[in-house]
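Trainee: Provide a 3D model corresponding to the input given below.
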Amino acid sequence: MNALREPLPSTFRITGYKSHAKEILHCLKMKYFQELQDLEVDGQKIEAPQPLSWYPDELAWHTNMSRKILRKSPLLEKFHQFLVSETESGNISRQEAVSMIPPLLLKIEPHHKILDMCAAPGSKTAQLIEMLHADMNIPFPEGFVIANDVDNKRCYLLVHQAKRLSSPCIMVVNHDASSIPRLLVDVNGSKEILFYDRILCDVPCSGDGTMRKNIDVWKKWTTSNSLHLHGLQLRIATRGVEQLAEGGRLVYSTCSLNPVEDEAVIMSLLEKSEGALELADVSSELPGLKWMPGITSWKVMTKEGQWYSDWSEVPTSRHTQIRPTMFPLKDQEKLKALNIERCLRILPHHQNTGGFFVAVLVKKGCMPWNKRLPKLRHKNSPIVAAEANAEPEEEEERTVAVEESTEAGRGPESTEANPNKKEVACCPPPSKKMKVFGYKEEPFVFLSDDDPVFTPIQKFYELAPSFPKHNVLTRTHEGKKKHLYMVSKELRTVLLNNSERMKVINTGVKVWSRNNDGEQFGCAFRLAQEGIYTLYPYIRARIISVTIEDVQILLTQENPFLRKFGADAQKQAKQLGMGSVVLRYEPDVMKPETLQCPVVLCGWRGKTSIRAFVPKNERFHYLRMMGVDVFREKKEEGDSKVLDQKDGGAGDQASEVMDCEDDKNMEVSEEEIKVENDGNEDIDDKGEVEQSESENCNEHSNTTPEAQCPAEASDKKT
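Mentor: Next comes the predicted model:
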């Protein structure tokens, strides 16, 4: 209890899959952590952040600084700004330490098909995406992540989190996790049911393990919270194991320490699986993590303080509130066979964290209730067709009852429609159309083979023959296409086969955006920074190789003239016509003091200048990695540090102010960097770029889903 009364330490995680993770870690160690040495704030000595001993490669850190101190103290302002800026650009995730554990225990590989059942707000989903992209040389991993949440509004928060990582392998859907529909995919020309290799089941819980950061839990917590949630948690976990592939892993987790929400759910699930599930021994998978084994004995308490140690003691009047599955097994032989001690209980005083519970389940065979043949099968159902094509050893698992067809909106013919079939009265009710709640999403439309939009794009950028054209989609059926997105091949088949079975909130990464009047330069679509790392491997033209000095000029000047760049970059630029370009920096291994990770930027080749289209926080990120100390100065009345913007590019005076001669000791304020938020641009007759105020995407300025997440919003004219 003493540990629970102490403030929770601040923790953050470096995005592990990006090639510049090592650069961020080096910057943290050599600069920001050094500045925190021997620092005192309000009489409290600040300890330099330390790596979490159990997290791989020193990519997760914690410090004794509370959130309040971190936000309010002027002495920590630069460090706080660093965390905020890098979080917004997707390079750092501020996440509670125990929340990082479940994705690690899934042991994800790039080919895995992953389902996150209760994904919002998205910190664990981000980890899953990172692990999927462990090899940055593969733009489209075979695997994917389907992130689900029942709350429509929280789905948009989930989209915002996932979008920071710019992955074409993530899909956000909106369903009740306890009845999330089965999906179909194309396999060798036939439709088969999708079974997931990995499932994260981080269920809703009472949250008593979060008392250190959520003060309200102390006032609102009652034992009835767990009693009300137990049934839902068990239904979600059951639905998860039904959709898990044989040999796959499901991680069940809660931020509660109540056994009714933890061991009781696992025990009930294992018992009714009849050997199809087993608890995995993960005691050695996270060296350095302290935990205690799962418990096998507990009592159930009501809100009024009555205790029950067995179901037989519960009065009939309480049977609607207390269920048999809430109690531990009494048969000691069966209990021993379940290996409940393999569950992990993380307590706050173990390693100065929040409270948490984790259990890892492995599926050894099909669930017993899936072995029973359905009473009625609709021969035209795609699910039945999938079963007909199933391999013999998988047929039992793929024999799905008619209720699955009902979920898809393709149920059997009802007795009302067919009065001559009264003998099948035991069949499920007639199929119902899927109910859609919340904001109505625009459709996901893949480009057709004869779509006139793609031909000039392919010619302008000389896309490689291996470019997956069929994976390009837009969000409109009619009118001009405003943005083009890309998804992986596997997610494409999921979308095409399940449009009526699920509500998709968002998928894909933006790779091209339309330029007004851009056709005059050969292509109506410019490159989008959000998807450049996905698209770059296929581009064969419009590439300019730049030096580290050129990159600094691009990131700190509004529209630098060509004469500002090195001779090689000038020569390459002069050989290209006006329009969108790729700016590529390759590290020089002979100069270890310079940035040692590749950088790919989107830009625009104007008549006399080159401009980078890079979001503000991403600019700050690259500048920090190059040794430039970026900070935000509070605006004062009469402050004149903001550079004047001239038509056709920044003027000579502004350019000279921003010259980066001493890159290691230079400090740049936010006001001194003229940034572009990667919005929509108008092209003037000189080939330069003007920002259209009416079409500029100002993220989070409004409350509609489109305004909150412009990258994932539908293609609508505003």
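Trainee: now the strands for the stretch 551-700 of the chain?
Mentor: Assigned strands in the stretch 551-700 of the chain, in chain order: 579-585, 599-605, 610-612, 629-631, 667-669, 681-683, 689-691 (criterion: DSSP state E, counting those that start in this stretch).
Trainee: so how far is stretch 305-319 from its chain's centroid?
Mentor: Distance, stretch centre to chain centre, for stretch 305-319: 42 Å (C-alpha atoms, centre = their mean, to the nearest Å).
Trainee: contacts for it?
Mentor: Lys299, Val300, Met301, Thr302, Ile322, Pro324, Phe327, Lys330 (C-beta atoms under 8 Å, 6 or more residues apart in numbering). For glycine as for every other residue, the C-beta is placed from the backbone atoms N, C-alpha and C.
Trainee: make a ChimeraX selection of the buried ones in the residues you listed.
Mentor: The buried subset of the contacts of stretch 305-319, as determined by 16 or more other C-beta atoms under 10 Å, is captured in ChimeraX by this line:
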select :300,301,302,322,327
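Trainee: just flag the most distant two among the contacts of stretch 305-319.
Mentor: Using C-beta to C-beta, the contacts of stretch 305-319 span at most 20.7 Å, a distance reached by Thr302 and Lys330.
Trainee: returning to that earlier point: need the contacts of stretch 305-319 in a markdown table (columns: distance to Ala245, pLDDT and secondary structure).
Mentor: Output for those, formatted as a markdown table (distance: C-beta to C-beta, whole Å; pLDDT from 0 to 100; DSSP: H, G, I helix; E, B strand; the rest coil):
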| residue | distance to Ala245 | pLDDT | secondary structure |
| --- | --- | --- | --- |
| Lys299 | 37 | 95 | coil |
| Val300 | 34 | 95 | strand |
| Met301 | 39 | 93 | strand |
| Thr302 | 40 | 91 | coil |
| Ile322 | 35 | 94 | coil |
| Pro324 | 30 | 95 | helix |
| Phe327 | 31 | 96 | coil |
| Lys330 | 33 | 91 | coil |
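Trainee: tell me the one of the contacts of stretch 305-319 nearest Leu234?
Mentor: Of the contacts of stretch 305-319, the one sitting nearest to Leu234 (C-beta to C-beta) turns out to be Pro324, at 11.3 Å.
Trainee: got the contact list for that closest one?
Mentor: Pro324 touches Trp311, counting by C-beta under 8 Å, 6+ apart.
Trainee: could you measure from it over to Pro49?
Mentor: 47 Å (C-beta to C-beta, to the nearest Å).
Trainee: report the secondary structure state of Val362.
Mentor: Three-state call for Val362 (DSSP: H, G, I helix; E, B strand; the rest coil): strand.
Trainee: my read is that it contacts Ala245, right?
Mentor: No - between Val362 and Ala245 no contact is recorded; they are 10.9 Å apart, counting by C-beta atoms under 8 Å.
Trainee: quick one: the helices in the stretch 101-250 of the chain, in order.
Mentor: In the stretch 101-250 of the chain, the helices defined using DSSP state H, counting those that start in this stretch lie at 101-106, 123-132, 152-163, 216-220, 223-242.
Trainee: residues touching Arg71, list them.
Mentor: His80.
Trainee: three-state assignment of it?
Mentor: Assignment for Arg71 (three-state DSSP): helix.
Trainee: then Glu40?
Mentor: Strictly by three-state DSSP, Glu40 counts as strand.
Trainee: what about it, how many residues nearby?
Mentor: Close neighbours of Glu40, defined as other C-beta atoms under 10 Å, add up to 9.
Trainee: going forward, count from 24.
Mentor: In the new count, where the first residue is 24, that last one comes out as Glu63.
Trainee: skipping its backbone neighbours, what lies nearest it in space?
Mentor: Ile69 (6.7 Å; C-beta to C-beta, 6 or more residues apart in numbering).
Trainee: with Val226 instead?
Mentor: Gln256 (4.5 Å).
Trainee: test my guess that that neighbour contacts Val283.
Mentor: No - assessed by C-beta under 8 Å, Gln256 is found out of contact with Val283, at 9.1 Å.
Trainee: spatially central residue for this structure, please.
Mentor: Ala185 (3.0 Å; C-alpha atoms, centre = their mean).
Trainee: what are the buried residues along stretch 604-617?
Mentor: Result for stretch 604-617 [16+ other C-beta under 10 Å]: buried residues Val604, Val605, Leu606, Arg607, Tyr608, Pro610, Thr617.
Trainee: mind putting those in TSV, pLDDT and distance to Ile567 included?
Mentor: Shown next, in TSV, are the buried residues of stretch 604-617 (pLDDT from 0 to 100; distance: C-beta to C-beta, whole Å):
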residue	pLDDT	distance to Ile567
Val604	95	6
Val605	96	7
Leu606	96	5
Arg607	95	7
Tyr608	94	10
Pro610	88	17
Thr617	82	19
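Trainee: may I see those organised as JSON lines, with distance to Ile363 added?
Mentor: Converted to JSON lines, the buried residues of stretch 604-617 look like this (distance: C-beta to C-beta, whole Å):
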{"residue": "Val604", "distance to Ile363": "60"}
{"residue": "Val605", "distance to Ile363": "55"}
{"residue": "Leu606", "distance to Ile363": "56"}
{"residue": "Arg607", "distance to Ile363": "54"}
{"residue": "Tyr608", "distance to Ile363": "54"}
{"residue": "Pro610", "distance to Ile363": "51"}
{"residue": "Thr617", "distance to Ile363": "54"}
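Trainee: which two from those residues end up farthest apart in space?
Mentor: Applying C-beta to C-beta across the buried residues of stretch 604-617, the maximum distance is between Val604 and Thr617, 22.6 Å.
Trainee: output the contacting helices and strands for the longest strand along the chain.
Mentor: Across the chain, the longest stretch assigned as strand under DSSP state E is strand 267-277. Using 3 or more C-beta pairs under 8 Å, 6 or more residues apart in numbering; DSSP states H and E as the contact test, the elements touching strand 267-277 are helix 124-129, strand 219-225, helix 246-265, strand 379-386.
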